[in-house]
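> I need the structure of the sequence given here:
(one chain, ligands or ions: 1)
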Amino acid sequence: MHSEHHNIFALATPPGKAGVAVIRISGPRVVKVVESLCTVLPVPRKAVLCNFYDDTKEIIDRGLLLWFPEPHSFTGESVAELHLHGGRATVERMLSVLGQMPGTRPAEAGEFTRRAFENGKLDLTEVEGLADLVAAETEGQRRQALRQTEGRLGGLYESWRARLIQALAHLEADIDFSDEDLPGGLQEAVAVNLRQLCTEIGDHLADGHRGEILRRGFKAVILGAPNVGKSSLINILAQREVAIVTPQAGTTRDVIEVHLDLGGYLVTVADTAGLRDAQDAVEVEGIRRARAQAQSADLKLLVFDARDWPDLAMDTAGLRDEASLLVLNKVDLAPHTAALAAAHNFLPVSFLTGQGVDAVLRAIEKTVEARLGGSETPGLTRERHRRELSICLACLQRAVDPGAAMAELVAEDVRLAMRALGRITGRADVEDILDIVFAEFCIGK
Ligand code: GDP
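This next block holds a predicted model:
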C-alpha cells in the first residue's frame with residue numbers, strides 16, 4: 001500500500017493547552033526524523049531529555065523523547081514519541097516541521113492502529129477493545145475493554161479456530177490419503193471434538209448479551225400513564241450528581257434519556273410519552289415510540305399512581321414481565337397503599353417527598369449487577385462477533401449432523417466455520433492446515 005511507505009505523525013494527546021503534549025511518529029524512516037530533530041539517535045525505549053531542532057537548527061522545544069526501533073513498537077514499525085510542552089504554538093510548530101520532512105505526512109484517523117493490525121501486533125478484537133477502552137466511561141466498560149485489548153477474547157476465538165484447523169487437517173487427511181498409514185477412528189474423534197466445540201460456542205453465544213450490554217450500556221425505560229411521575233423520576237435520577245455521566249435531552253413528546261454510572265455500569269434511563277388511548281397524531285407517535293422502547297429495554301420501570309390502587313392502569317400493567325420493576329408513586333397522597341404495595345412486590349415511593357427513591361436506585365443497581373456482574377470470562381462485545389459466531393455454529397451443527405455422511409461436505413462446513421472465526425480476529429490463514437497435516441502424519445515420506 002502506498003501509505004505504508006510514509007512516516008505518519010499525529011498529536012496523541014487532546015488539542016489545546018496542557019502540561020504535556022505527546023506527538024507520535026511511526027514509519028520506515030523514523031530514524032531519520034529522530035536524527036534530524038535531536039541531532040543524535042538516543043538509546044531505544046528509554047526516556048531521554050533533549051532539545052528538538054528544526055532544519056535551520058533553531059530550537060523548537062526541550063522535552064522527552066522515546067524511541068522504539070522496529071519491530072518492537074505499538075505499530076510494529078519504528079516509532080518515536082515526542083513529549084513537548086503542551087502549548088498550542090509549540091505543538092503547531094513541531095507538527096509543521098514534521099510535515100516538511102521527506103516521506104512524512106499527518107496520520108489518518110486510526111492509522112497507527114491499522115498499521116499495528118497489518119503488522120500482526122493486534123488482532124481485530126484487540127483493535128476493537130482499544131477503541132472501547134478509549135470510549136469507556138464506567139469501570140465495567142473499562143475492565144471489559146482492557147481484557148479485550150489484552151487478547152482474552154481474540155485468544156478464545158483463536159483457540160477454537162486452532163481446534164478447527166486440527167479437525168480439518170484430520171478430515172482432509174482421511175479424504176486425501178485414506179490408503180496411507182493413518183490412525184483409525186479419525187472421523188469419530190473429529191466428530192466428538194466438533195460436538196464439544198458446538199457446546200462451547202453455543203454457551204458463549206447464550207450469554208444474555210452480557211458483553212454487548214456492558215459495552216453499549218444497560219437500557220432501562222420508564223413507562224406509565226400520563227402524570228404518574230415518569231418525568232419526576234428521570235429528573236430525580238438526573239439530579240444525582242454522583243450518578244450522572246452525560247444528560248441528553250430530546251423533545252417532551254420524544255424519548256428523554258439520562259446516562260448513569262450505577263455501581264460501575266453504564267445505565268441509560270429513558271423517559272417516554274404517557275401510555276393511554278390517544279387521538280392526537282403526535283401523541284400517538286410518542287406512544288408508539290414508548291412501546292418500541294419497552295420492547296428493546298433490558299429493564300422496564302413501570303410507574304403507577306398510588307391513588308388508583310388496586311385498579312392499576314392496564315396499559316402499563318400489560319407490559320409487565322420478568323424484566324420489570326413495579327413502582328407505585330405518590331404514596332404521600334395515599335399512605336395506606338404503601339404496605340399493601342410492598343407486599344405485592346411494588347416499590348412504594350413518592351417522587352415529591354423523596355420517600356423510597358433510594359430503594360428504586362438500589363433495585364435498578366441490583367438488576368444490572370445480576371445481569372452484567374460476576375463473570376470474568378471474556379464475552380463477545382459486538383454484533384459482528386455474534387453474527388460470525390452464529391455462522392460458525394450453524395456450520396458446525398451441520399457438520400456434526402448424523403445425516404451429514406459425505407466427508408467432503410463435512411470438511412467444507414468445518415472450513416466455513418473456521419473462516420467465520422478467522423473473520424472475527426482478522427486472521428484467516430489456510431497455510432496452517434497443511435502444516436499440521438505434514439507435521440502429524442508424515443505424509444509424502
Ligand atoms: P409524567 O407525566 O408521568 O411524566 O408525570 P410528572 O413527573 O410530570 O408528574 C405529574 C404531576 O404529578 C406533577 O405535577 C408532579 O409534581 C406530580 N407528582 C409527581 N410525583 C409525585 C408524588 O410522589 N407525589 C405527589 N403528590 N405529586 C407528584
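> what about the nearest residue to residue 18 once chain neighbours are set aside, distance to the ligand?
Spatial nearest neighbour of residue 18, excluding adjacent residues (CB to CB, 6 or more residues apart in numbering): residue 86 at 3.3 Å. The C-beta positions use only the backbone N, C-alpha and C, and glycine is treated the same way. Look at residue 86 and the ligand: by CB to the nearest ligand atom, to the nearest Å, they are 46 Å apart.
> Please report phi then psi for residue 86.
phi -80, psi 50 (degrees, to the nearest 10).
> wait, doesn't it sit right on residue 19?
Yes - contact criterion CB atoms under 8 Å: residue 86 and residue 19 qualify, at 5.5 Å.
> What residues does the residue lying closest to residue 379 once chain neighbours are set aside make contact with?
For residue 379, the nearest residue in space outside its immediate sequence neighbours is residue 211; the separation is 3.1 Å by CB to CB, 6+ apart. By CB atoms under 8 Å, 6 or more residues apart in numbering, residue 211 lies in contact with 144, 378-381.
> which one in these is the model shakiest on?
Among those, residue 378 carries the weakest pLDDT, at 82.
> Show me which of residue 86 and residue 19 is the more surrounded one.
Taking other CB atoms under 10 Å, residue 86 and residue 19 do not tie; residue 86 has more neighbours (19 against 9).
> Spell out which residues of the stretch 301-445 of the chain are next to the ligand.
329-330, 332-333, 350-352 (CB under 6 Å from any ligand atom).
> And the residues you listed, which two are furthest apart?
333 and 351 (11.5 Å; CB to CB).
> okay, those two: which has more neighbours?
residue 351 (24 against 12).
> Any stretches of the stretch 201-350 of the chain with poor pLDDT?
239-255 (pLDDT under 70).
> Spatially nearest residue to residue 121 (excluding sequence neighbours)?
Among residues not flanking residue 121 along the chain, residue 76 sits closest, at 4.8 Å (CB to CB, 6+ apart).
> quick one, phi/psi of the one you found?
Torsion angles, degrees, to the nearest 10, at residue 76: phi 90, psi -10.
> Look at it and say how many residues are nearby.
Residue 76: 19 neighbours (other CB under 10 Å).
> That one reaches residue 122, doesn't it?
No - Residue 76 is beyond contact range of residue 122, at 9.3 Å (criterion: CB under 8 Å).
> what sits in contact with each of these two?
With CB under 8 Å, 6+ apart as the test, residue 76 and residue 122 both reach residue 116.
> end to end, how far does stretch 115-127 reach?
One end of stretch 115-127 to the other measures 11 Å (CA to CA, to the nearest Å).
> Give the buried residues for the helix or strand that residue 8 is a member of.
Assigned by DSSP states H and E, residue 8 belongs to strand 7-11. By neighbour count on 16 or more other CB atoms under 10 Å, the buried set for strand 7-11 is 7-11.
> Also near the ligand: which of those, exactly?
Within the buried residues of strand 7-11, nothing lies near the ligand by CB under 6 Å from any ligand atom.
> Make a markdown table from these and add pLDDT to it.
Listed next are these as a markdown table, based on pLDDT from 0 to 100:
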| residue | pLDDT |
| --- | --- |
| 7 | 96 |
| 8 | 95 |
| 9 | 95 |
| 10 | 94 |
| 11 | 94 |
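> Now do the strands in this structure.
Ranges of strands in the chain, per DSSP state E, are 7-11, 18-27, 48-53, 59-68, 78-86, 104-106, 218-224, 244-248, 256-262, 265-271, 299-305, 324-329, 346-348.
> Could I get the CA-only coordinates of the second one as PDB?
Output in PDB follows, covering the C-alpha atoms of strand 18-27 (Å, rounded to 0.1, in the frame of the first residue of the first chain):
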ATOM      1  CA  ALA A  18      -1.900  21.100  28.600                       C
ATOM      2  CA  GLY A  19       1.100  20.400  30.800                       C
ATOM      3  CA  VAL A  20       2.500  18.000  28.200                       C
ATOM      4  CA  ALA A  21       1.600  17.200  24.600                       C
ATOM      5  CA  VAL A  22       2.700  13.900  23.000                       C
ATOM      6  CA  ILE A  23       3.300  13.600  19.300                       C
ATOM      7  CA  ARG A  24       3.700  10.100  17.900                       C
ATOM      8  CA  ILE A  25       5.600   9.200  14.700                       C
ATOM      9  CA  SER A  26       5.600   5.800  13.000                       C
ATOM     10  CA  GLY A  27       7.100   4.500   9.800                       C
END
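> That strand pairs with which strands, parallel or anti?
The strands beside strand 18-27 in its sheet (DSSP bridges) come out as strand 7-11 (antiparallel), strand 78-86 (antiparallel).
> Adding distance to residue 127, write the strands of the chain out as TSV.
Compiled in TSV, the strands of the chain are given as follows (distance: least, CB to CB, whole Å):
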stretch	distance to residue 127
strand 7-11	17
strand 18-27	15
strand 48-53	30
strand 59-68	19
strand 78-86	17
strand 104-106	21
strand 218-224	25
strand 244-248	25
strand 256-262	25
strand 265-271	21
strand 299-305	31
strand 324-329	38
strand 346-348	43
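> What is the burial count for residue 339?
Residue 339, neighbours per other CB under 10 Å, totals 10.
> In contact with the nearest residue to it once chain neighbours are set aside, which residues?
In space, and not counting its chain neighbours, residue 339 is closest to residue 348: 7.9 Å by CB to CB, 6+ apart. Counting by CB under 8 Å, 6+ apart, residue 348 touches 306, 328, 331, 337-339, 341-342, 355-356.
> May I have the beta-bridge partners of residue 348?
Residues in beta-bridge contact with residue 348 (DSSP bridges): residue 328.
> how close does it sit to residue 193?
Counting by CB to CB, to the nearest Å, the gap from residue 348 to residue 193 is 56 Å.
> Likewise for residue 280?
Taking CB to CB, one finds residue 280 at 62 Å from residue 193.
> of these two, who's got more company?
residue 193 (16 against 9).
> my read: the more buried one touches residue 167, true?
Yes - between residue 193 and residue 167 there is a contact under CB under 8 Å: 5.6 Å.
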